[in-house]
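Asker: everything below, folded, please.
(2 chains)
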Amino acid sequence: GESVGLHLPTLSVQEGDNSIINCAYSNSASDYFIWYKQESGKGPQFIIDIRSNMDKRQGQRVTVLLNKTVKHLSLQIAATQPGDSAVYFCAENTGGFKTIFGAGTRLFVKA
Amino acid sequence: DAGVIQSPRHEVTEMGQEVTLRCKPISGHNSLFWYRQTMMRGLELLIYFNNNVPIDDSGMPEDRFSAKMPNASFSTLKIQPSEPRDSAVYFCASSFGQGVTDTQYFGPGTRLTVL
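Answerer: Take a look at the predicted model:
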C-alpha cells in the first residue's frame, strides 16, 4: 500500500553538528510534504513544508530537500542543539485534507 | 492564543466503559482533526471536520468510535464500549482553511489506557 517510511529509526548526533533525517515515500502522486517535530509528552509541531514543484526549501536552521526521482525527502538541521532532541515525522499529502505520517525518527543530541 | 486544548490529559478506564475525549480548537480555525497514535501504527487520522461538519470518518476504527462537533469551539471523541486495544494517545488538531497546505496545530494529546 501507499506509505511514508523512514530509513533510520534513531539518530544520535553531537551538539553543534548537522543532522540529516531521511524519509522515503511511495506515492508518486503526493504533491505536498511536511516535517513535524514531536517532543516527549507533546503533540506534533509543524517545522517546514515543501511542495512537489520545489526541490529545496529553507527555514531557520532547517532545510528540506525533495528528490522526486527517487521519492526521497530529507530534513537537515544545522548546528543541532539539545532542544532539537525529539521524534521527527515526515508526512505526505496527495491532495485534500488527508495527511499520511511516517513512522518517525528519534533524534538524540549529545552534549 | 492558548493553542488546541484537550481534556483529560490522561484517562485510565476499564474495558467496557464509555470514554469521552474533548477538544477545543484554536479560535478562528474551521478545520478539526482527530488522530490516534500508537507504537504499532504510528499517527493515524480518525476523522476530519470542516465548519463543524464531518467530512471523512473513514479512519474511525469501528462503530464503537463516534465523534461530534456541535459548534466551532468544541469537539468530542467517544469510545463505547472501550477495549484494551483502544489504548493510545489521541490527538486533536485544528487548522484555518480546508486546503492541503493549511498548517495543522496539534493539542497535547490524551493518553488513554484501557485495562
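
Asker: so who does the one residue in chain B that gets nearest to chain A touch?
Answerer: Distances between chain B and chain A by C-beta to the nearest C-beta are smallest at B:F106, namely 3.0 Å. (Glycine included, C-beta is placed from N, CA and C.) Residues in contact with B:F106 (C-beta atoms under 8 Å, 6 or more residues apart in numbering or on different chains) are A:42-45, B:4, B:35, B:91-93.

Asker: burial count for the residue of chain A found nearest chain B?
Answerer: In chain A, the residue that lies nearest chain B is A:G43 (3.0 Å; C-beta to the nearest C-beta). The tally of other residues near A:G43 (other C-beta atoms under 10 Å in any protein chain shown) stands at 23.

Asker: report the secondary structure state of it.
Answerer: Three-state call for A:G43 (DSSP: H, G, I helix; E, B strand; the rest coil): coil.

Asker: tell me the pLDDT at the nearest residue to it once chain neighbours are set aside?
Answerer: Distances taken as C-beta to C-beta, 6 or more residues apart in numbering or on different chains put B:F106 closest to A:G43, at 3.0 Å, once the chain neighbours are dropped. Note on B:F106: pLDDT of 95.

Asker: over to A:N27?
Answerer: If you check A:N27, the pLDDT there is 86.

Asker: how near is it to A:C90?
Answerer: A:N27 sits 13 Å away from A:C90, going by C-beta to C-beta, to the nearest Å.

Asker: dig out what the residue of chain B closest to chain A forms beta bridges with.
Answerer: B:F106 forms beta bridges with B:A93, as assigned by DSSP bridges.

Asker: neighbours of A:A103, how many?
Answerer: The tally of other residues near A:A103 (other C-beta under 10 Å) stands at 17.

Asker: that one against A:I21, yeah?
Answerer: No - counting by C-beta atoms under 8 Å, A:I21 is not a contact partner of A:A103; they are 11.9 Å apart.

Asker: contacting residues around A:S52?
Answerer: Shown in contact with A:S52 (C-beta under 8 Å, 6+ apart): A:30-33, A:66, A:68.

Asker: just the buried residues of those.
Answerer: Those of the contacts of A:S52 that meet the buried threshold are A:30-33, A:66, by 16 or more other C-beta atoms under 10 Å in any protein chain shown.

Asker: show me the residues around the residue of chain A lying at maximal distance from its centre that make contact.
Answerer: Distance from the C-alpha centroid of chain A, by C-alpha atoms, centre = their mean, peaks at A:A111 (22.5 Å). Neighbouring residues of A:A111 by C-beta under 8 Å, 6+ apart: A:15, A:82.
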